[in-house]
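Participant: I would like the atomic coordinates for the input below:
(one chain, ligands or ions: 2)
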Amino acid sequence: MDKKYDSLNKDQKKAVLHTEGPLLILAGAGSGKTRVLTHRIAYLIEEKKVAPWNILAITFTNKAAKEMRERVDSLVGSGSEDIWVSTFHSTCVKILRRHIDKIGYDRYFTIYDTDDQKKLIRDCMKQLNVDPKQFKENSILSSISSAKDKLLTPKKFEKQAYEYRDQVVSKVYTMYQDRLKKNNALDFDDLLVKTVEVFRLCPDVLSYYQDKFRYIMVDEYQDTNHVQYIFVGLLASRYKNLCVVGDDDQSIYRFRGADISNILDFEKDFRNAEVIKLEQNYRSSKNILEAANQVISNNYGRKNKTLYTDNESGDLINYRCLQNEQAEAEFMAGEIIKGIESEGRDFKDYAILYRTNAQSRVIEERFILNNIPYKIVGGTSFYQRREIKDILAYLKTINNSTDDIAVKRIINVPRRGIGTTTINKVENYAYNNDVNFFDALCEVSQIPNMTRSSKKVGAFTHFIKVLRVEMATMSLVDLTNEVIERTGYVKELEAEGTDEAHGRIDNIGELISKLTEYENNEEEPTLNGFLEEVALIADIDNYNEETNVVVLMTMHSAKGLEFPCVFISGMEDGLFPSYMSISSGQQEDIEEERRLCYVGITRAKQKLYLLGANSRMIRGMTQYNQVSRFIKEINNKLFDLEYTKPVQDMPNEKTSFRKNAHSFLKSNPYVVKKNANKMPAPGNFTLNYEVGDLVKHMKFGIGEVLAIQPGGADYEVTVNFPSAGVKKLMARLANLKKA
Ligand SMILES: Nc1ncnc2c1ncn2[C@@H]1O[C@H](COP(=O)(O)OP(=O)(O)OP(=O)(O)O)[C@@H](O)[C@H]1O
Ligand SMILES: [Mg+2]
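Facilitator: Ligands and ions are numbered 1, 2, ... in the order given. Prediction:
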């Protein structure tokens, strides 16, 4: 056997050599699962003389597929181009291009992306007279998608549709599917559904692929959904040479239909399955691994796994709670620059992970300021996002209506019944009369044959003109809120209720935060000034093509990847774990967040930063979040104590705590300053403490007074309790004692 297999440990080798029969490799992060898969492919070809075209390897993303092919290439040398290494979707496309005619589709079908899907759904809803105010296309779309995941055809779905909403979805689903077929198109879910359909209806096709793919491997098996599970099951049912690898602790796509039981039930589905556990982690330092283990051990119902490493203890984990999100971003930039200048690191050694895409905005701006090249992976950079461009287009239109592109962008967003025919006519009029688009809109009554839409156009131009007048007496934040309110932009997103829509709402909130920041920092804030500032940032943020760059991404996108240094930003309750997961009250939701935290931590090889902020501006409002519960699940001993006060001990560290508080107050315009309690006392009630003092509360222990504000017959006192976060208390009831 070739020398390259000597680098594998005993269990890994066992997994590589076990080529016949079902095999489950269930192992924690960084234990070499993906590495085993690549070596297994090499072994099958080189030692077992299996033809490359008899091998199918499925990865979760195209990026992972590309990496796996490269790794196999470097192991085997030649022949690897004949192996099928791809995602579920690309695998299915290849199969369908050859055989979909068997179920009445043309082999040259087109694939619909989300935008195409939405257009089609909209058409169907119109034809069926479904009220788009009551039923949002995105929400219907996501119901259809989840039906497809479960292999529910329109007919089957109809049979189960007892509730009114389901009956509406059922009607749309039936027509949608019909129209897809007429258009000879498949959506993304169909790629899997139709492949399974071909396999079930055409035994000869299934038989061909069962024979072809004698050896099947699936990476990240814990995140497969039902239809993917059926697909793999059908293919593997003849030879049963199926090797799946995964980690139940890294299942993070439940919201997309991933079913963790697929991995937990593998032994039931495939009797005689060999199960191999890999227990050695090769990726991370001892400290990082220990932190990950401590966090995940708080989840119930796990498969029993232990993970150790022979790597060095390495640096302690750098946990820091900074003053606010700006300071957090500044700290990251500083650390990266320090690492490059004094530790010989490269930009590409660093990854910044966060819970929601909206968090990237502040970081992007800081990096631009400090000339740190970066790239957003699996997402769009902040100012390129659709909703941000839309709202900015409104602001541009209000500011200066000669920007035709901006006006055209929003003339029918959200939809107000102004269609392309109208727009074309207005464009022609503008061209012929040499006026800009907005002016042409204002003169709509002069344009022939426009009676029907002229009212709608008039309402739009009126709306813009009114805001133009009102803005003289309004802050920019209020102006933007007016736009959002009166257009119903956010309301529409709320009604959609999908994860994507929530993400967009978060991003709009982030834009409001940006505006608030701008207004606070600028002596004479103007809309024009703001738009100029943003235009500059939006222009520069184009580092995308470079390879030696810091990468920014959500923890979801980081699955399977590794980096020497990892920052996790926003370790605060309400952000991570998310507010939704906390407020749902479901243990499962917090557990999914905890798995995500485990994924995040285990991306790091040498250096891990867990960062949070005392205060964070969300939707233009300063929020004081508690330290993330996940931080509290990590033993303080693993934190770099030189920088971090252990959470529980903080109140004893009086001096540094005070010092901290003062700089905190300085940077926080929202907090009433020190002389606040010299304001007229409500009634005859006085306090014996002031802002900056430490006080003791019966339940929350010692905390620091951040603000005091008279309110009726009492004071509202804002206190930062290290054990419980920032609380607003009524002084009489709270009975706080100076500590
Ligand atoms: N036996 C080994 N000797 C040396 N390095 C190894 C060994 N096994 C794995 N590694 C290295 O450890 C790191 C993690 O491996 P790999 O990415 O395959 O883990 P994984 O289990 O797939 O992780 P994840 O759960 O995050 O997907 C890689 O850098 C890999 O090269
Ligand atoms: Mg992996």
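
Participant: Please make it C-alpha for all contacts and neighbour counts, starting now.
Facilitator: Will do.

Participant: thought residue 31 was touching residue 282?
Facilitator: Yes. If you go by CA atoms under 8 Å, residue 31 and residue 282 touch, sitting 5.9 Å apart.

Participant: Between these two, which has more neighbouring residues?
Facilitator: Taking other CA atoms under 10 Å, residue 31 and residue 282 do not tie; residue 31 has more neighbours (22 against 17).

Participant: Residues of this structure that sit close to ligand 1?
Facilitator: Residues of the chain that fall close to ligand 1, judged by CA under 6 Å from any ligand atom: 7-9, 28-35, 282-283, 560.

Participant: May I ask which of the residues you listed has the most neighbours?
Facilitator: Highest neighbour count within those: residue 29, with 28 neighbours (other CA under 10 Å).

Participant: Now do the contacts for it.
Facilitator: Applying CA atoms under 8 Å, 6 or more residues apart in numbering, one finds that residue 29 lies in contact with 247, 250, 281, 599, 602.

Participant: Relative to residue 559, how far out is it?
Facilitator: According to CA to CA, to the nearest Å, residue 29 stands 10 Å off from residue 559.

Participant: how about the lengthiest helix in the chain as CSV, C-alpha atoms only?
Facilitator: Longest helix in the chain, counting residues (DSSP state H): helix 499-521. Coordinates of the C-alpha atoms in helix 499-521 are reproduced here as CSV (Å, rounded to 0.1, in the frame of the first residue of the first chain):
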residue,chain,number,x,y,z
ASP,A,499,-35.7,33.5,6.9
GLU,A,500,-34.5,35.4,3.9
ALA,A,501,-37.1,38.1,4.6
HIS,A,502,-36.0,38.4,8.2
GLY,A,503,-32.4,38.8,7.1
ARG,A,504,-33.5,41.6,4.8
ILE,A,505,-35.3,43.3,7.6
ASP,A,506,-32.2,43.0,9.7
ASN,A,507,-30.2,44.7,6.9
ILE,A,508,-32.6,47.6,6.7
GLY,A,509,-32.3,47.9,10.5
GLU,A,510,-28.6,48.1,10.0
LEU,A,511,-29.0,50.9,7.5
ILE,A,512,-31.0,52.8,10.1
SER,A,513,-28.1,52.3,12.5
LYS,A,514,-25.7,53.7,9.9
LEU,A,515,-27.9,56.7,9.5
THR,A,516,-28.1,57.2,13.2
GLU,A,517,-24.3,57.0,13.5
TYR,A,518,-23.9,59.4,10.7
GLU,A,519,-26.3,61.9,12.3
ASN,A,520,-24.5,61.6,15.6
ASN,A,521,-21.1,62.1,14.3
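
Participant: For it, name the packing helices and strands.
Facilitator: Counting contacts by 3 or more CA pairs under 8 Å, 6 or more residues apart in numbering; DSSP states H and E, helix 499-521 packs against helix 386-399, helix 476-487, helix 489-496, strand 604-618.

Participant: hey, which of those is tucked in deepest?
Facilitator: strand 604-618 (a mean of 23; mean count of other CA atoms under 10 Å).

Participant: Flag every buried residue along the helix or strand that that strand is followed by.
Facilitator: Scanning forward in sequence from strand 604-618 by DSSP states H and E, the next helix or strand is strand 621-623. For strand 621-623, the neighbour count (16 or more other CA atoms under 10 Å) marks 622-623 as buried.

Participant: what's the model's confidence in strand 621-623, averaged?
Facilitator: Throughout strand 621-623, pLDDT has a mean value of 83.

Participant: What strands flank that strand, and is each parallel or antiparallel?
Facilitator: Strand pairing for strand 621-623, determined by DSSP bridges: strand 604-618 (antiparallel).

Participant: what are the phi and psi angles of the closest residue to residue 601 other than its chain neighbours?
Facilitator: Among residues not flanking residue 601 along the chain, residue 292 sits closest, at 6.0 Å (CA to CA, 6 or more residues apart in numbering). Backbone torsions of residue 292, given as degrees, to the nearest 10, read phi -60, psi -40.

Participant: Tell me which stretches of the stretch 1-150 of the chain form strands.
Facilitator: 23-27, 55-59, 84-87, 110-112 (DSSP state E, counting those that start in this stretch).

Participant: elements contacting the second one?
Facilitator: To tie it back to what came earlier, the one meant is strand 55-59. Helices and strands touching strand 55-59, as assessed by 3+ CA pairs under 8 Å, 6+ apart, comprise strand 84-87, strand 215-218.

Participant: Indicate which one of the helices and strands packed on helix 499-521 is closest to residue 332.
Facilitator: The closest of the helices and strands packed on helix 499-521 to residue 332 is strand 604-618. By CA to CA, the value is 8.8 Å.

Participant: What confidence value was assigned to residue 359?
Facilitator: We have a pLDDT of 93 for residue 359.

Participant: Now residue 720: closest residue in space, sequence neighbours ignored.
Facilitator: residue 726 (4.1 Å).

Participant: Oh, that last question was meant for residue 598, not what I typed.
Facilitator: Ranked by CA to CA, 6+ apart and with sequence neighbours excluded, the top spatial neighbour of residue 598 is residue 292, at 5.5 Å.

Participant: Now do the contacts for the one you found.
Facilitator: 598, 601-602 are the contacts of residue 292 under CA under 8 Å, 6+ apart.

Participant: give me the low-pLDDT residue ranges for the stretch 601-739 of the chain?
Facilitator: Flagging of the stretch 601-739 of the chain using pLDDT under 70 yields the residue ranges 641-685, 711-714, 733.

Participant: Who are the packing partners of whatever helix or strand residue 599 lives in?
Facilitator: If you go by DSSP H and E, residue 599 is part of helix 587-601. Counting contacts by 3+ CA pairs under 8 Å, 6+ apart, helix 587-601 is packed against helix 286-296, strand 563-568, helix 579-583.

Participant: What's the local residue count around residue 239?
Facilitator: Using other CA under 10 Å, residue 239 is surrounded by 16 other residues.
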